[in-house]
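A.B. asks: for reference, the sequence and a predicted model appear below.
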Amino acid sequence: MRSSDHNGTVLAKSIEEPVEISSVGTTARPGPLTANLIRSIGIIGAVSILPLVMPINIATEILIFGIFAMAANLLIGTAGLYSFGQAAFFGTGGYAAGYLLAHGWTSLPLALVVACGSGGLIAAAVGILSIRRLGIYFMMLTFAFNQLVYYIVYSWRSVTGGEDGLAGIRRPVLELPFVGSFSFDDNRSFYALASVLFLATMIVLVRMVNSPFGLVLAASRQNSRRTVSLGYPVPMLQLVAFVIAGAISGVAGALFAMLYRIMPIDSVHWTGSAYVVFMVVIGGQRNMLGPVIGAAVFIWLQGLFSLVWTRWPLLLGVFVIVIMASLPNGLVGFVSKLSSWTVKGRGQRQC
Amino acid sequence: MVVEKALLKVDAIDAYYGRSQALFGVSFDVGRREVVAVVGRNGAGKTTTLRAIMGLNPVKSGAISFDSTRIDGMKSHQIARSGISYVPETRDPFSLLTVEENIMLGHRRGSPYDLRRIVEWFPDLAGLLRRRGSELSGGQQQMMVIGRGLAPGPRLLLLDEPSQGLAPVVVKKVGETLAALRGEDLSVVLVEQNIGFALSLADRVVVMENGIVVDRLSSIESQRHPERIERYLGIH
């Protein structure tokens, strides 16, 4: 079977190599190898340059919230689950790891495993009770659970520090056999740790979104009942995605606690859940780069506006409204649209 | 008419929409490699019957067995995994996914039908695999969703009004493909209002009216006595 157009060429290839469901996502979605390579080099380059162009703690914060926003985008952008309770998992991971680090357990793997496990565990509990609810009911349930976690943290003063937050958190240590131990007390080494975790999270989430699992989540976002009748246990798969996002949010929370050596109670407040949704919306939900860009812009603007006016949240609100009204696909969507216009324009000029 | 060793056995099922009863003791069988057409006017209960088989409409009484296993009460995804595919009247393409993704979403390991096979049946899809589901015409969408229904390698295909809203030339193409599937180990329940289309493919015809099975005919009977069907459809 032959076809003269581009699609035909692609098809000819797919027909010669029968596609199995296990490989569908990876064959159909990402662009050519070179484009992926350029994109990867660009991301690694940007992560390397970031601390040179801004205070290192702000750069680290961008990576941490980038991780948090990518996890939220697995739910929002891929599965279509608009959770307004992600701060609960961020906070749980931060408090759990922070508690260990403040009480003499300084092992990095232990802190990360506990953060990941506690975030995932709370997400499983919340998810089991809310995943079958649709639309606004799902949003409200996740929001309500967020508030529940907030009040537990607020009231459990002996463990969490209550209103004052959990203080006295120490940076972790990584013990490697035959090599020695690495301390992350220095901000540059801590940035390197955050970079490694950020890139690892991005690789894992991009692969997940492009896997058959991600394809089923994307299909269920469009028509859940039809996806079920194709033989997929959609609520179970959505729950798995919710737990994964919760676990990754927990890791982001742990990094945040390590960065500032304190876990403030604000980190578990529902506004944190709203902020991460804003980050996803500002950057765009189409791919995992969008939420990272959203996180960077959000954190940068937060700093900028707070210098300009004490009522800075008002300016931030106006910015989010403008983005939502004018760029429904976020900044990344706008940039790709702009580049496609440029390519079209060049094509027309050449004609 | 009872089929020896039926693949699908629908036995006196009642189904409701809320408090309103839609099916009243509906019974019929489908044998292996058999095409059974279910015909009737709008509101006769044809789609509800398919949805009940698929577990999308709960069955209040009666039984549905597939390959000698009770499937009424099972979850929809479990029914699909047992070997039944449902192609709905509304088609429901995943509009943001590509044609290839739409088709392969239905694929399961061990299925005899890979992408190459499905495109051989629907060559019109050949140049469209990278297009989004929303970018296709009605006929192309219909071919895509039938392909999606075949991708898991089902033993029973439930087709709801596959000719609806399609140009006659496209209906002919779809009919030819369905006829070509006769060589496969596949049974089909075909719900149709287009009687000519249904009779050209069916081994047997089940006629429904107001949620009740009112007549059953073999292919020969339906061709010799079309008036038996037509009177229920209000053609005369």
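C.D. replies: Yep, that arrived. None of these values were measured; they are calculated from a predicted model.
A.B. asks: quick one, what contacts residue B:48?
C.D. replies: B:15, B:17, B:22, B:23, B:57, B:211 (CB atoms under 8 Å, 6 or more residues apart in numbering or on different chains). Quick note: C-beta positions are derived from backbone N, CA and C, even for glycine.
A.B. asks: with adjacent residues omitted, what lies nearest to it?
C.D. replies: Counting by CB to CB, 6 or more residues apart in numbering or on different chains, the nearest residue to residue B:48 once its immediate chain neighbours are dropped is residue B:22, at 4.6 Å.
A.B. asks: looks to me like that neighbour is in a strand.
C.D. replies: Yes - with DSSP: H, G, I helix; E, B strand; the rest coil as the criterion, residue B:22 is located in a strand.
A.B. asks: now the two most distant members of the contacts of residue B:48.
C.D. replies: Using CB to CB, the two most remote members of these are B:57 and B:211, lying 11.8 Å apart.
A.B. asks: neighbours around the residue nearest to residue A:127 when sequence neighbours are not counted, how many?
C.D. replies: The shortest distance from residue A:127 to any residue other than its chain neighbours is 3.9 Å, reached at residue A:242 (CB to CB, 6+ apart). Applying other CB atoms under 10 Å in any protein chain shown, we find 27 other residues in the vicinity of residue A:242.
A.B. asks: is it true that residue A:242 touches residue A:82?
C.D. replies: No - using CB atoms under 8 Å, residue A:242 is not in contact with residue A:82; the gap is 11.8 Å.
A.B. asks: residues that sit against both of the two, list them.
C.D. replies: residue A:75.
A.B. asks: circling back: shared neighbours of residue B:57 and residue B:211, which are they?
C.D. replies: Contact with both residue B:57 and residue B:211 is made by residues B:22, B:48, according to CB under 8 Å, 6+ apart.
A.B. asks: which of the contacts of residue B:48 are buried?
C.D. replies: Burial of the contacts of residue B:48 was assessed by neighbour count (16 or more other CB atoms under 10 Å in any protein chain shown); the buried members are B:15, B:22, B:23, B:57, B:211.
A.B. asks: nearest to chain A, of the residues you listed?
C.D. replies: For chain A, the nearest member of the buried ones among the contacts of residue B:48 is residue B:57. The distance, counting by CB to the nearest CB, is 11.6 Å.
A.B. asks: against which helices or strands is the least confident helix or strand in chain B by mean pLDDT packed?
C.D. replies: Across the helices and strands of chain B, mean pLDDT, DSSP states H and E gives its lowest value to helix B:227-233, namely a mean of 76. For helix B:227-233, the elements it packs on are strand B:35-39, helix B:195-201, strand B:204-209, strand B:212-218, helix B:219-224, judged by 3 or more CB pairs under 8 Å, 6 or more residues apart in numbering or on different chains; DSSP states H and E.
A.B. asks: what pLDDT is listed against residue 169?
C.D. replies: Looking at chain A here, since you left the chain open. At residue A:169, the predicted lDDT confidence score is 96.
A.B. asks: if you could check chain B rather than the one you did, that'd help
C.D. replies: Predicted confidence (pLDDT) for residue B:169: 86.
A.B. asks: how close does it sit to chain A?
C.D. replies: The spacing between residue B:169 and chain A, counted by CB to the nearest CB, to the nearest Å, is 21 Å.
A.B. asks: would you mind giving both backbone torsions of whichever residue of the stretch 51-200 of chain A sits closest to chain B?
C.D. replies: Here the residue of the stretch 51-200 of chain A nearest chain B is residue A:80; by CB to the nearest CB that distance is 10.5 Å. Geometry field for residue A:80 lists phi and psi as phi 70, psi 30, criterion degrees, to the nearest 10.
A.B. asks: and the nearest residue to it once chain neighbours are set aside, how many neighbours?
C.D. replies: Taking CB to CB, 6+ apart, and ignoring the residues beside it in sequence, residue A:80 has residue A:221 as its nearest neighbour in space, at 3.1 Å. Here the count is done by other CB under 10 Å, and residue A:221 has 20 residues near it.
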